[in-house]
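In: With the input below, show me the fold.
(chains A and B)
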Amino acid sequence: MSCKVEIKFTLNGRPEKAIVPVDLNLLAMLRDMFDLKGAKYACGEGECGACTVIVDKLSVNSCLTFAVDCDGREVRTVEGLRATDKLHPMQRAFVDHGAIQCGFCMPGMIMQATHLSDTSPGLTRDGLKRGLEGNVCRCTGYTKVLDAVSDAMNTEGVDQ
Amino acid sequence: MTSIAKKSVIGGRFPKPDSPDKAVGRTRFINDLELPRMLYGKILHTDRPHALIKSVNTERAKTLAGVHAVLTGDDFPEVKFGINRDNTPLKKGKVRCIRDEIAAVAAETEEICNAALDLITVEYEDLPGVFDPIEAMLADAPLVHEDRPGNLSLAYKFDHGDIASAERQSDVIMDHVFNVHYVTHCCMGTSSVIADFDTDGKLTIYTQTQYPYNYKMDLAPALGIHPGDVRVIQPPVGGAFGSKLDVYPFEPICVLLAKATRRPVKLTFSREEEFINAPTRQPARIHLRMGAKADGTITFRDVDCILNNGAYTSWGPTTPYVMMRTFSSLYRVPVVRFRSQAVYTNNPYAGSFRGYGNVQATYAAAIQADMMAEALGMNVLDFSLKNAQKSGEVSPQGSRLEDCVFTECLAIAAEKSDFVAKQNRYQAERNRPGRIKRGIGLASSIHNAGGAKIHKSDGCGSILKLDDYARATLITGASEIGQGIDAVICQVLSEELGIPMSDITIVNNDSAIAPWDVGVHASRTTFIAGNSARRAAIKAREQILRAASKQANVPQEALDLREGWVVQDDNGETVIKLDKLLRQMHFKEDPELVMTTDYYEPPSEPETENHVGDMSAAYSHAVHVAEVEVDTETGEVKVVKVTSAQDVGRIINEMGIEAQIEGGIAMGIGYALSENLQIVDGLVRNPSFRDYKVMTAPEVPEMELHFVESHSKTGPLGAKGIAELPTIVIAPAIANAVHNAIGIRFLDPPLTPEKVARAIWERDISVAAE
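Out: This next block holds a predicted model:
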């Protein structure tokens, strides 16, 4: 049995606390302790991005992030992206561009795209491709994903 | 009185109806589901490709706190299942490949399961393994199954015409051996299943299956229960691509754990387990000969395929069934001889995978067409046009090519990509100095586009109801696995019933509710389920218009349904609001409810024993032109642009077609350039996304898609199935482009940087030596 620690953090805008094993990863905490199933397990080793969430200003693979490291931080998941009944502009763009097929990777993809939009608003399409490189999608071929993110970020949708 | 103009949703651009829920993280995939009192299951897989099991000791595992059951093959009578009846849920006596299941644990958490697996000890006596199908056919090869002499699994043959005389009529004969490799589906959601028995002993299984009805029939024998006592629930899945078209041992094992514990049990693979234990695409050694006359006319194809069956038989070894149709119908081929042999080895085993044999066959056939054109001094476009079939032609296996637009696809793909001029220019530039070489390549393909009658029925059932508020529910057998049949069906219903797509609900995830369907495979769902849904809608439309006609005293044929109203067809003037009419129909003295059903069976025929038959109700072609850059120092191939021209029949959902083609191309580029499940001496050497490289955003090229509308006479509103062709045709287009760039052929994908750089280096050495 691993040692447990109490942490306090902000989860999708609400203060939360949890008593977590020190070796618990953030993904497992979100899914198993807070029933937030948006972030997905798909590889468990940071290679696919399906578990991407935003911690403070960073997008992280929650499967590789210790839950205890979120103490005092602000964690945002796909469930916390929209503040109203309406979809967040990034979610809207993914829907409108037909970028969602099976959709399993999409919570991670949308969080990564939101992170890029928030932190690097002037990204070119090539920059976007680099920014989304860590998020694997097996359905879409990424074209509609890039169209959606470009649209949401209002960047030029030109392929180089 | 207002007037409503006729509008059509067919050909429009519609996101999948389930995409908003997926965008906000609300969708519960099977991987996210939990049932009350649910336990978790895990399987102890072997680490030996071929060994006798001397003993399995589970005593310590059974005493671990939180463990509810530990099962081995000794706990059950041996029941064989699978296409060749050669597989069992838990193995006893012997393991035949590293997918083999030795024991299974049900416990309160996955962590406890894993701890329990660590406490199980297995004693083995290793046996010599056989991993190469050609070695496995030798007389002294170890037997994988004692009751399968010569390690022979499935064989197929097809003959049409006389090869010897066709050879004599040929001016050029090409003769090559292609070796296509192991790749795997890499569904983002790993394999997962939940089994739950009720007190009557009836099973509810939550599964990712893409063929819910035959799944019962295939699953039940492995469990000794009646197929009728299995209820299949299909929660949303994280991709399928053909991988969920069979029952694999983890599924009956999960059911056995649920039975043993009388609790729901969920069993989910880790990514590493997924790479090792989920099916692969069927690898093949394809010996292909093709003859042609000097004017480019194809005279014959002669094919010998040897397939590595692996230790058990899933759909992979049946892919020659599709391969032979490619070799006999990609171009006009007057004489065909086809032989294939699947041979048991101690490797993991292949299942079905988007393209189903056609990926492998087209890789060989479309590269050899390029080589033949080169040998004849023709452009491959001219060679292809010369041999392209026209509408009304029948292939040697009986494929009736109605509504055939192969020639148009060739012309459009070549013209839009400036193929001929660029090919000549890049070839001329090949020997000039410079590290980066450009190349362009063309490949053609054909695939069934109106279902595939490989079972007794290729049908799909639909049940349609309209409620008192003019909201429609369509209960269909067709599964949704991300491909977008939900949007297509909503469009088809909206078109016929004149109600908004948002007023339509699709129910298709419960075998106790939805009527029968073969499953999502063979690019069939838009065609078959679309037809069935449309026919159910037309019946409802007629019932509604009949009632409206009576009530308004207007002839039925003068009425139409538009935007929730019954209107006059000629001027669009409103007659009665649809919901009001429905209520009047419902609550009148002689009440009627609008509820219709349809079972659609496509006008196709099963193959004879000799593999002749028009097995699909439609066929379509795709032509791809790929433009690449080859870095001659690193060997890296970059696909710069893909131009696609594909017969889609008629566009129903333009956005959906684009999404399928773009995704199919990305998957096919992975097959061509980077994906390679390395199986060495029966062991999977790269079971992670780190070492198994799927396409990511930066590697995906610009794609220019052209849809050719052939208006299928039998398809729903003229549509054909489209989803497999892009994955089938892109890889040979890339290989042909690489040849155009550097003058080297690659008959053994993937074209990894190491392989390409080595080939360039070897060629340069041999040139230097001369």
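In: Make sure A:Pro107 is actually in contact with A:Gly80.
Out: No - when contacts are counted by C-beta atoms under 8 Å, A:Pro107 is not listed as touching A:Gly80 (11.0 Å). From N, CA and C alone the C-beta is placed, and that goes for glycine too.
In: Compare the two and say which is more crowded by neighbours.
Out: Higher neighbour count among A:Pro107 and A:Gly80: A:Pro107, with 29 against 22, using other C-beta atoms under 10 Å in any protein chain shown.
In: How is that one assigned, secondary-structure-wise?
Out: On the three-state scheme (DSSP: H, G, I helix; E, B strand; the rest coil), A:Pro107 is labelled helix.
In: B:Ala342 too?
Out: Per three-state DSSP, B:Ala342 ends up strand.
In: Let me know the distance separating the closest residue to it other than its chain neighbours from B:Met290.
Out: Spatially, and ignoring its direct neighbours in sequence, B:Ala342 is nearest to B:Pro317 (3.5 Å; C-beta to C-beta, 6 or more residues apart in numbering or on different chains). Computed as C-beta to C-beta, to the nearest Å, the B:Pro317 to B:Met290 distance reads 24 Å.
In: Report the buried residues of the one helix or strand B:Gln551 maps to.
Out: Taking DSSP states H and E as the criterion, B:Gln551 maps to helix B:525-552. Going by neighbour count (16 or more other C-beta atoms under 10 Å in any protein chain shown), the buried part of helix B:525-552 is B:525-537, B:539-541, B:543-545, B:547-549.
In: what about chain B, any weak spots by pLDDT?
Out: Low-confidence regions of chain B, defined here as pLDDT under 70, cover residues B:1.
In: Give me the phi and psi for the residue in the stretch 101-250 of chain B that chain A sits nearest to.
Out: Relative to chain A, the nearest point of the stretch 101-250 of chain B is B:Gly238 (3.1 Å; C-beta to the nearest C-beta). The phi/psi pair for B:Gly238 (degrees, to the nearest 10) reads phi -90, psi 70.
In: Give me the nearest residue to it, chain neighbours excluded.
Out: B:Gly189 (2.0 Å).
In: what's the answer for A:Thr143, then?
Out: In space, A:Thr143 is closest to B:Glu662, 4.5 Å off (C-beta to C-beta, 6+ apart).
In: any idea of the angle the strand or helix carrying that neighbour forms with helix B:525-552?
Out: Per DSSP H and E: B:Glu662 is located in helix B:654-673. Interaxial angle, helix B:654-673 versus helix B:525-552 (axes from the mean of the first three to the mean of the last three C-alpha atoms, to 10 degrees): 170 degrees.
In: From the contact counts, what lies against helix B:654-673?
Out: Helix B:654-673 sits against helix A:143-153, helix B:485-497, strand B:637-647, strand B:702-708, helix B:725-742, with contacts defined as 3 or more C-beta pairs under 8 Å, 6 or more residues apart in numbering or on different chains; DSSP states H and E.
In: 7 Å - rerun?
Out: Applying 3 or more C-beta pairs under 7 Å, 6 or more residues apart in numbering or on different chains; DSSP states H and E, we find helix B:654-673 packed against helix A:143-153, strand B:637-647, strand B:702-708, helix B:725-742.
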